[in-house]
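Participant: Okay, here's the prediction I keep looking at, along with the sequence it came from:
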Amino acid sequence: MGRRGNLPYMIGIDLSGKTALVMGVTNSYSLGWAIGEKLLQAGAKCIFSYQGERLKPALEKLLAPYEGTLTGQCDVTNEAELESLFAQIKAEFGSLDYIVHAVAYAPRASMEGRFVDTTQEDWNTALSVSAYSLVSVARHAEPLLNEGGSIVTLTYYASQKVVPKYNVMGIAKAALEASTRYLAYELGSKNVRVNAISAGPMRTVAAKSIPGFTSMLSKAAEMAALKRNATSEEVGKLGLFLLSDLSSGITGETTYVDAGYNIMGMSFE
Ligand code: NAD
C-alpha cells in the first residue's frame, strides 16, 4: 500500500496465502479465465478444473506462466469426479477460500427452436449443468471452506426478462440466481459469501452457440447506458472484488456488469 504522509492512498488486493478453485475455463476468452487470471495475479494459489480430457492441453498452456497452478478433471454432472476433485483440493491445499463457478450448458436444439417445445431431457440437462452444479459444488466445498470464504457464479439477464432464443437457459439462470440467495443464507452463518455476476454478452465459446449472438452484441451496445458492451476484463475486476474482502458486506446478490444495459427501459435516441 502506498502512503501520502500517514494516509494510505492506494489499496492493492493481495491474495497470497489464499486458495481458489476455478471451474469452467476453456480458453483465454472464458469468463472463468477473466476472474481466474486476476486471482493468479493477486497471488492466490489456484486449481482450475476442466470438463474433460479434451480441454486439458489448452488449459495447461494458458496456465504455463503461472508456476505451481494445479488442474483437475471434473464434469459437474459426475458425482465421482466432484468427489475426487475435492479430495485433491483437500490433499493439496487443506482448505479453500474462493470458488469461481463459470459453468453452463444447454443442448443447442433447445436454443434454436421455440421455448414451448423444450423437451424434459433438455430442461433437465440445462438445469442440472447450469444451476444444480452450483449447489453440489457448494456442498462438496463446505467442509473445506475457510471463514471469510467467497463463491462467485456467472449469470445472465435472460433470467429476468425474455431474451429470444435464450429459452431454457433463461430458466436455468433464474434457478442459479435463486440458488445463490439460498446458499448465501445457509453459508452466511459460517461467514462464507455467495454472489452472482450478471455479465452482458461477450464473445466466448458458450456464447457463440446462442443463435443470433452477433446481432445481440450490437443491439446490447446500442441500448446500454455506456453505449458499448462490457468487457471480460470488467468481469474479472468485479469477480476479484466479490471474492476478496473488499466486498465483505455483500452476499446473495446478483451484480450486473453490462455497461448499464439492464437499467434501461427504452432507447429511441
Ligand atoms: P465458455 O464456453 O468459455 O465456458 C463455459 C464452460 O462451461 C466451459 O469451460 C465448459 O467446459 C464448461 N462446462 C459445460 N458443461 C460442463 C460440465 N458438465 N461440467 C463441467 N464444466 C462444464 O463460456 P463463458 O461464456 O465464459 O461461460 C462461463 C459462464 O458465463 C457461463 O455460466 C455463462 O452462462 C456465463 N455468461 C456468459 C455470458 C457471455 O455472453 N459469454 C454472459 C453472461 C453469463
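Facilitator: Perfect, I can see it now.

Participant: check which helix or strand covers residue 198.
Facilitator: strand 193-199 (DSSP states H and E).

Participant: Just checking: what are the partner strands of that strand?
Facilitator: Within its sheet, strand 193-199 is paired with strand 145-155 (parallel), strand 254-257 (parallel), according to DSSP bridges.

Participant: where in the chain is pLDDT low?
Facilitator: 1-10 (pLDDT under 70).

Participant: Spell out which parts of it neighbour the ligand.
Facilitator: 24-26, 30-32, 51, 55, 75-77, 102-105, 129, 154-156, 199, 201-202, 204-207 (CB under 6 Å from any ligand atom). Every residue, glycine included, has its C-beta placed from N, CA and C.

Participant: Just the residues you listed: which are in helices?
Facilitator: 31-32, 205-207 (DSSP state H).

Participant: biggest separation within these, which pair?
Facilitator: Comparing every pair within these by CB to CB identifies 32 and 207 as the most remote, at 13.1 Å.

Participant: which one of the two has more residues nearby?
Facilitator: The residue with more neighbours, out of residue 32 and residue 207, is residue 32; 25 against 17, by other CB atoms under 10 Å.

Participant: That one - nearest residue in space that isn't next to it in sequence?
Facilitator: residue 102 (3.2 Å; CB to CB, 6 or more residues apart in numbering).

Participant: Check residue 203 too.
Facilitator: That would be residue 29: by CB to CB, 6+ apart, it lies 6.2 Å from residue 203.

Participant: and what of residue 213?
Facilitator: residue 207 (5.4 Å).

Participant: Same question for residue 240.
Facilitator: Closest to residue 240 by CB to CB, 6+ apart is residue 38, at 4.2 Å.

Participant: Next, show the common contact partners of residue 32 and residue 207.
Facilitator: Residues touching both residue 32 and residue 207 (CB atoms under 8 Å, 6 or more residues apart in numbering): none.

Participant: picking that back up, cross-check the contact I'm expecting between the residue nearest to residue 203 and residue 232.
Facilitator: Yes - at 6.8 Å, residue 29 counts as touching residue 232 under the criterion of CB atoms under 8 Å.

Participant: can you list residues touching both of these two?
Facilitator: With CB under 8 Å, 6+ apart, residue 29 and residue 232 have common neighbours 202, 204.

Participant: of the two, who's got more company?
Facilitator: Between residue 29 and residue 232, counted using other CB under 10 Å, the more crowded position is residue 232 (21 against 16).

Participant: before we move on, the earlier item: reformat the strands paired with strand 193-199 as JSON lines; add mean neighbour count.
Facilitator: What follows is the strands paired with strand 193-199, written out as JSON lines (neighbours: other CB atoms under 10 Å):
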{"stretch": "strand 145-155", "mean neighbour count": "22"}
{"stretch": "strand 254-257", "mean neighbour count": "20"}
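
Participant: Relative to residue 267, which of those strands is closest?
Facilitator: Per CB to CB, nearest to residue 267 of those: strand 254-257, 16.6 Å.

Participant: Just the CA atoms of the closest one, as CSV, please.
Facilitator: Taking Å, rounded to 0.1, in the frame of the first residue of the first chain, the C-alpha atoms of strand 254-257 are listed here in CSV:
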residue,chain,number,x,y,z
THR,A,254,-26.7,-10.5,-8.5
THR,A,255,-24.5,-7.7,-9.6
TYR,A,256,-24.6,-6.5,-13.2
VAL,A,257,-21.5,-5.8,-15.3
